[in-house]
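Visitor: I'll drop the sequence and a predicted model, then ask my questions.
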2 protein chains.
Amino acid sequence: MRKRAFLYGAGVTATGFLCRRAVHCSVTFAFKGFLTRMARLVMKFGGTSVADMDRIRNVAQHVAREVAAGYHVAVVVSAMSGKTNELVGWVRDGSKMYDTREYDAVVASGEQVTSGLLAIVLQEMGIAARSWQGWQIPLETSDAHGSARINRVDGHNLIEGFEKRGEVAVIAGFQGIHPESGRITTLGRGGSDTSAVAVAAAIKAERCDIYTDVDGVYTTDPRIVTKARRLDRVAFEEMLEMASMGAKVLQVRSVELAMVHRVPTYVRSSFDDPANPGLGTLICDEEDIVEQQIITGIAYSKDEAQITLRNVSDKPGVAANIFMPLADANINVDMIIQVVSDNSTTTDITFTVPAAEFERAKVLLEEAKGGIGYASLEGATDVVKVSAIGIGMRSHAGVAARAFKALADKGINIRAITTSEIKFSVLIDEAYTELAVRTLHALYGLDKA
Amino acid sequence: MRKRAFLYGAGVTATGFLCRRAVHCSVTFAFKGFLTRMARLVMKFGGTSVADMDRIRNVAQHVAREVAAGYHVAVVVSAMSGKTNELVGWVRDGSKMYDTREYDAVVASGEQVTSGLLAIVLQEMGIAARSWQGWQIPLETSDAHGSARINRVDGHNLIEGFEKRGEVAVIAGFQGIHPESGRITTLGRGGSDTSAVAVAAAIKAERCDIYTDVDGVYTTDPRIVTKARRLDRVAFEEMLEMASMGAKVLQVRSVELAMVHRVPTYVRSSFDDPANPGLGTLICDEEDIVEQQIITGIAYSKDEAQITLRNVSDKPGVAANIFMPLADANINVDMIIQVVSDNSTTTDITFTVPAAEFERAKVLLEEAKGGIGYASLEGATDVVKVSAIGIGMRSHAGVAARAFKALADKGINIRAITTSEIKFSVLIDEAYTELAVRTLHALYGLDKA
């Protein structure tokens, strides 16, 4: 009920996002100081949306529209596109086993730049604004540098800026501070989404708008399937799986946070005309989606690397010896497959790690070789994980089996399979990515008419 | 006596910088915890010295040499060359009248990057290191954003890193924090020099080594006078004038600080072989310089802009109406000339401002036009200020007069003149820069044999 109240009560319909706001706004100005607070909105812009000064001016136009509609706005910005990659490249050049605390200090600088630039551009347009770094807010995180978790966002300073100075808060996304050490932390790639949702929860924003280079969440990547369709609505749970499985439109943790804090999150395009923006995809509760498909979308992720340890001695504790060093280094292990070999005293263990962590994982496993006891380590980065997601899978049997057959019919070899309640994934050779995605997209009736 | 004791007692001779250190070092390791503290050294590297990862690795070699010699080292780094200009360009594109608080947030990011990268490279070499941002140290400044003054440097955290963790402190130069607002500040272009000297004073460093792209302070810019000579020693006071007058080797305020806190400051090349570095220029007390010349050096500055206000009403308070708005905006006004015009009820006022502030100054003066009352504003940026500096001027008459004649003989028109106890400056057309500098360099016997 609470969500439904938001969706309609607050004017968030497909055609009338701004209707109630405009009224609210004029009333607020007329009786300043007597009314309850103005509604708050979080707007988040990714790297391609702030790629250069012209793009930043475009972002400022979007912000100006919402300010004019009566919102107190917090804008969360990423680094200019390409900047983070450049910074990460330097870090890796400096050391393969780099100190993640220093990595964070280096890469957080990209968001610092765009937050200041957008504040300047907004001011130039006559809109009061100031930049906020993670440590200034403060946005407090764990000390898991490089992929820190948000523990607490203090909304007090931002709200004071709204109420006392009428300021737009321009927030450097992706970054925070570990309060005990006073060191800069970052939230992992795409972390600005998470910053945005966390800020939205902290300041009790009416909505969190994620502006990106696409106009919403699609049934799959439109670059490889021309028949992909934009979804009007996606359930939090589905979006979580899509994000986990490589649909890069939102960072996984941002969706988790949105789900936990019930933050209505609207994915939309920053390339729309700021004066007349188009539709996007609302990420919302399952119950708010009327026509549910069995499969909602097909995702794929090339950011995977496969590691196989050959002839691991098959004894208790060996799995811990393999995976604890990786966990200690904050490397996420995903698919794990264990195959007992012929002599049955040893086993082959295959698993996947993020491609970005492949080198670090290999070094750690070489170091742990004595404790694990394996004959050889094989790695591959030319793999892709393809996933099908849909809440409808819960109530329909044999959904995955149809996929395995369809892929086999196309001659695609499956290296590994994982399944969950509302999705299944296959690891295949990267060369078959497009073929596999198109096959599954058609199989589940997702192709545009 | 105190300086002399340093100069020789601490092994800082022309040929033996490291002799005493090496001994000190081995003793310290042998009796850890029982001895008095290890000596501290500040090393500062400018933009060309950290221009890319290879240059940063070279810097790390210099640091490693001093660590091996037994120093506790604080390294202060600038942004990679070109980065600050890129950031400033974006800020100016955003707004001519940009908010200097946001300017600071944007440009401080350059130093943040290099501090993290150098820490990573040092760690990769097996040297404990961590980066420090201005707000982390903290290095507290005034709120004069864009050219803030350092009020206090807390050396406690840095020293704890030395003593407890044997860490090299890698400090982002140029930046600090205004403690009341919690905003990032910057110290003005070249501010990393000032950071370095201030840190040296705070941690009671034995010496502050300024590594740069030249091997010391020259009698003038060697790029335009091939006969320029490196000076072995320069008095603090002379260096202050040279820095003020555009010798870019050190920021003015860094020299002021070094003079006030008696920080022996050694300008040297980061392009030397780290294993076998060459000589530089020691900036020291006047009394430590045996053979004093009348003129020590010729400096020039193209970072000047001339502004002329025509037909200013010649009444009390008009100067304040002109210069207060500029002062409020932290724009330094340098040479000021007032010429009464024919009708003698109005006057023409000419003055110079830093070229970087030219546009802001013009806007401010246009805004203040009503209060000032002038007919027109003329500006020129194609001007240069050429200066001759030398403590010997104090005891020799007619030094400047010789210059005016020599310049006139070459057909160079002088737009403005200023003099002080140990220097004089002329403002001329930029096209005559090289000719004027060469003329004065030869005139005062500074040419290399």
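Guide: Alright, I've got the coordinates.

Visitor: the one residue in the stretch 251-400 of chain A that gets nearest to chain B: how many residues sit nearby?
Guide: Residue of the stretch 251-400 of chain A nearest chain B, by Cβ to the nearest Cβ: residue A:363 (12.8 Å). For glycine as for every other residue, the C-beta is placed from the backbone atoms N, C-alpha and C. Neighbourhood size, residue A:363 [other Cβ atoms under 10 Å in any protein chain shown]: 14.

Visitor: mind checking which helix or strand it is in?
Guide: Per DSSP states H and E, residue A:363 falls inside helix A:358-367.

Visitor: center of chain A - which residue?
Guide: residue A:251 (0.8 Å; Cα atoms, centre = their mean).

Visitor: phi, psi of it?
Guide: When read as degrees, to the nearest 10, the backbone of residue A:251 gives phi -70, psi 140.

Visitor: again with residue A:124
Guide: phi -60, psi -30.

Visitor: so what's the residue count around it?
Guide: The number of residues packed near residue A:124 is 17, by other Cβ under 10 Å.

Visitor: ok, now which ones touch it?
Guide: Residue A:124 is in contact with B:94-95, B:97-98, counting by Cβ atoms under 8 Å, 6 or more residues apart in numbering or on different chains.

Visitor: show me those that map onto helices.
Guide: residue B:94 (DSSP state H).

Visitor: list the buried residues of the one helix or strand residue A:309 maps to.
Guide: Here residue A:309, judged by DSSP H and E, is contained in strand A:304-313. Judged by neighbour count (16 or more other Cβ atoms under 10 Å in any protein chain shown), strand A:304-313 contains these buried residues: A:304-309, A:311-312.

Visitor: picking up where we left off before, grab the nearest non-local neighbour of the residue of the stretch 251-400 of chain A closest to chain B.
Guide: Spatial nearest neighbour of residue A:363, excluding adjacent residues (Cβ to Cβ, 6 or more residues apart in numbering or on different chains): residue A:97 at 6.2 Å.

Visitor: for residue A:329, see how far away that neighbour is.
Guide: Relative to residue A:329, residue A:97 is positioned 9 Å away (Cβ to Cβ, to the nearest Å).

Visitor: what's the overlap in contacts for the two?
Guide: Joint contacts of residue A:97 and residue A:329 (Cβ under 8 Å, 6+ apart) are residue A:360.

Visitor: if we can go back for a sec, buried subset of the contacts of residue A:124?
Guide: In those, the ones that pass as buried (16+ other Cβ under 10 Å) are B:94-95, B:98.

Visitor: distance to residue A:122 for the buried residues of strand A:304-313 - can I get that in TSV?
Guide: Shown next, in TSV, are the buried residues of strand A:304-313 (distance: Cβ to Cβ, whole Å):
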residue	distance to residue A:122
A:304	40
A:305	42
A:306	46
A:307	47
A:308	52
A:309	53
A:311	61
A:312	57
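
Visitor: surely residue A:135 and residue A:184 touch.
Guide: Yes: in this structure, residue A:135 is within contact of residue A:184 by Cβ atoms under 8 Å, at 6.5 Å.

Visitor: need the residues of chain A near chain B, please.
Guide: Within chain A, the positions lying close to chain B (Cβ under 8 Å from any Cβ of the partner chain) are A:53, A:56, A:87, A:90-91, A:93-95, A:97-99, A:101-106, A:108-110, A:112-113, A:115-117, A:119-121, A:123-124, A:130-131, A:133, A:135-136, A:182-184.

Visitor: weed out the non-buried ones from these.
Guide: Among these, those buried by neighbour count (16+ other Cβ under 10 Å) are A:53, A:56, A:87, A:90-91, A:93-95, A:98-99, A:101-106, A:108-110, A:112-113, A:115-117, A:119-121, A:123-124, A:130-131, A:133, A:135-136, A:183-184.

Visitor: element containing residue A:88?
Guide: Take DSSP H and E as the rule and residue A:88 turns out to sit in helix A:83-94.

Visitor: then that helix to PDB, C-alphas only?
Guide: Below are the C-alpha coordinates for helix A:83-94, written out as PDB (Å, rounded to 0.1, in the frame of the first residue of the first chain):
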ATOM      1  CA  LYS A  83      38.600   9.000 -16.300                       C
ATOM      2  CA  THR A  84      38.200   6.100 -13.900                       C
ATOM      3  CA  ASN A  85      39.700   3.700 -16.400                       C
ATOM      4  CA  GLU A  86      42.700   6.000 -16.800                       C
ATOM      5  CA  LEU A  87      43.200   6.300 -13.100                       C
ATOM      6  CA  VAL A  88      42.800   2.500 -12.600                       C
ATOM      7  CA  GLY A  89      45.300   2.000 -15.400                       C
ATOM      8  CA  TRP A  90      47.900   4.100 -13.600                       C
ATOM      9  CA  VAL A  91      47.300   2.200 -10.300                       C
ATOM     10  CA  ARG A  92      47.800  -1.100 -12.000                       C
ATOM     11  CA  ASP A  93      50.900   0.100 -13.700                       C
ATOM     12  CA  GLY A  94      52.200   1.100 -10.300                       C
END
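
Visitor: helix, strand, or coil at residue A:384?
Guide: The assignment at residue A:384 comes out as strand when based on DSSP: H, G, I helix; E, B strand; the rest coil.

Visitor: who touches it in this structure?
Guide: Neighbours of residue A:384 in contact, by Cβ under 8 Å, 6+ apart: A:300-302, A:304, A:427-430, A:432-433, A:436.

Visitor: okay, those residues in CSV with pLDDT next?
Guide: As requested, the contacts of residue A:384 are exported to CSV (pLDDT from 0 to 100):
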residue, pLDDT
A:300, 91
A:301, 89
A:302, 90
A:304, 91
A:427, 92
A:428, 94
A:429, 95
A:430, 96
A:432, 96
A:433, 96
A:436, 97
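
Visitor: now, which of these lie within helices?
Guide: Per DSSP H, helices hold the following members of these: A:433, A:436.

Visitor: in the stretch 151-300 of chain A, which spans are helices?
Guide: Remark: helices assigned in the stretch 151-300 of chain A by DSSP state H, counting those that start in this stretch are A:156-165, A:191-202, A:236-244, A:252-261.

Visitor: mind giving me the domain ranges of chain A?
Guide: With automatic domain parsing as the criterion, the domains of chain A are listed as A:2-288, A:292-449.

Visitor: just say which of those is most tucked in.
Guide: Neighbour counts (mean count of other Cβ atoms under 10 Å in any protein chain shown) averaged over each of the domains of chain A peak at domain A:2-288, with a mean of 21.

Visitor: how far off centre is that domain?
Guide: How far domain A:2-288 lies from its chain's middle: 11 Å, per Cα atoms, centre = their mean, to the nearest Å.

Visitor: for stretch A:399-413, same thing?
Guide: 29 Å.

Visitor: quick one: mean pLDDT for stretch A:226-234?
Guide: Averaging pLDDT along stretch A:226-234 gives 93.

Visitor: make that stretch A:259-272, sorry
Guide: Here the average pLDDT along stretch A:259-272 is 93.

Visitor: hmm, back to that, among the buried ones among the contacts of residue A:124, which one lies nearest to residue B:148?
Guide: Lowest distance from residue B:148 to these (Cβ to Cβ) belongs to residue B:98, with 15.7 Å.

Visitor: where does the residue of the stretch 251-400 of chain A closest to chain B land on pLDDT?
Guide: As summarised for this prediction, residue A:363 has a pLDDT of 95.

Visitor: need the next SSE after whatever helix or strand residue A:388 lives in, C-terminal direction.
Guide: Element membership of residue A:388, judged by DSSP H and E, is strand A:383-389. Using DSSP H and E, the helix or strand that follows strand A:383-389 in sequence is helix A:399-409.

Visitor: could you give the angle of that next one to strand A:383-389?
Guide: 140 degrees (axes from the mean of the first three to the mean of the last three Cα atoms, to 10 degrees).

Visitor: helix A:399-409 - contacts with which helices or strands?
Guide: Using 3 or more Cβ pairs under 8 Å, 6 or more residues apart in numbering or on different chains; DSSP states H and E, the elements in contact with helix A:399-409 are strand A:383-389, strand A:414-420, strand A:423-429, helix A:433-443.
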